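Student: no sequence on this one, just coordinates:
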């Protein structure tokens with residue numbers, strides 16, 4: 001005896017259910033992957049924005065590598081608005097026209113941090129007649145302790161051309177961020193930044209670099 005044929009509408013219902021199951025259980029990207037892609041897009045947008053700020057500097061190896069060969073991000077703006085050890089309000093624009101060495105430290109810093117300060121002072125002293133072409137700058141990492149008076153005494157012990165800067169905690173954090181320094185995790189690893197007369201980042205050096213090596217690298221840009 002032959003079985004009755006199923007109604008045609010039953011076949012269409014079966015197909016519709018099958019298609020729906022395929023869409024419901026199709027593989028999707030895990031949430032972590034979506035988050036990662038979003039972060040990459042945000043980072044790319046940030047880099048492109050900073051490249052535009054520098055007027056087309058694209059962060060190539062020539063300008064984005066330090067003396068020891070470590071890559072450096074091309075997202076540094078170097079902008080700050082602070083107060084120097086004489087009580088004068090200053091910004092990064094006040095130092096245009098000459099090279100600057102920018103270093104983050106506090107007056108209570110010791111060890112490698114203090115070594116970096118001594119290296120800067122020694123190198124600037126050895127530049128000789130070109131000494132006026134470069135200004136060492138120290139931005140405090142401890143604005144609540146490093147008052148203007150404290151920085152004045154501190155600067156006098158380091159170098160006569162040193163400009164020691166402080167400000168409100170917010171201003172100091174913003175200055176640190178402009179150089180890629182995370183003060184929440186401490187600034188013990190802060191490098192020594194070399195900035196050109198137009199206020200653009202050139203390179204950076206580890207704070208443990210020898211004074212003669214720092215001097216040779218600085219003079220190579222003159």
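Tutor: Cool, the structure landed. Keep in mind that this is a model prediction, so the values were computed, not measured.
Student: For residue 138, pull up the helix or strand it's in.
Tutor: When elements are assigned from DSSP states H and E, residue 138 belongs to strand 134-140.
Student: and that strand, which residues are buried?
Tutor: Within strand 134-140, the residues scored as buried using 16 or more other Cβ atoms under 10 Å are 134-140. C-beta here means a position set from N, CA and C on the backbone, and glycine is covered the same way.
Student: do the same with stretch 144-159
Tutor: Neighbour-count burial for stretch 144-159 [16+ other Cβ under 10 Å]: 146, 150-151, 154-155, 158-159.
Student: Identify all contacting residues around that stretch.
Tutor: With contact meaning Cβ atoms under 8 Å, 6 or more residues apart in numbering, stretch 144-159 is reached by 83-87, 106-108, 117, 120-121, 124-125, 136, 138, 140, 162-166, 169.
Student: ok so, going back, quick one: which of the buried residues of stretch 144-159 sit in helices?
Tutor: Among the buried residues of stretch 144-159, the members found in helices (DSSP state H) are 150-151, 154-155, 158.
Student: and which of the residues you listed is nearest residue 178?
Tutor: Checking these against residue 178 with Cβ to Cβ, the nearest one is residue 151 at 19.4 Å.
Student: Which other helices and strands does the strand holding residue 138 contact?
Tutor: strand 99-105, helix 112-126, helix 148-158, strand 163-166, helix 169-178 (3 or more Cβ pairs under 8 Å, 6 or more residues apart in numbering; DSSP states H and E).
Student: Least confident of those, on average?
Tutor: Mean pLDDT is lowest for helix 112-126 out of the helices and strands packed on strand 134-140, coming in at a mean of 89.
Student: Quick check: buried residues in that helix?
Tutor: Going by 16+ other Cβ under 10 Å, helix 112-126 has these buried residues: 113, 116-117, 119-121, 123-124, 126.
Student: Report the two of those separated the most.
Tutor: It's 113 and 126 that sit farthest apart of the buried residues of helix 112-126, by Cβ to Cβ, at 21.2 Å.
Student: one step back: residue 220 is nearest to which of the helices and strands packed on strand 134-140?
Tutor: Among these, strand 99-105 comes nearest to residue 220, with 11.5 Å by Cβ to Cβ.
Student: so that closest one versus strand 134-140, what angle?
Tutor: Interaxial angle, strand 99-105 versus strand 134-140 (axes from the mean of the first three to the mean of the last three Cα atoms, to 10 degrees): 20 degrees.
Student: picking that back up, average pLDDT across the strand holding residue 138?
Tutor: For strand 134-140, mean pLDDT rounds to 94.
Student: who does it pair up with?
Tutor: Within its sheet, strand 134-140 is paired with strand 99-105 (parallel), strand 163-166 (parallel), according to DSSP bridges.
Student: and the direction of it versus that of helix 169-178, what angle?
Tutor: Using the same axes, to 10 degrees, strand 134-140 lies at 130 degrees relative to helix 169-178.
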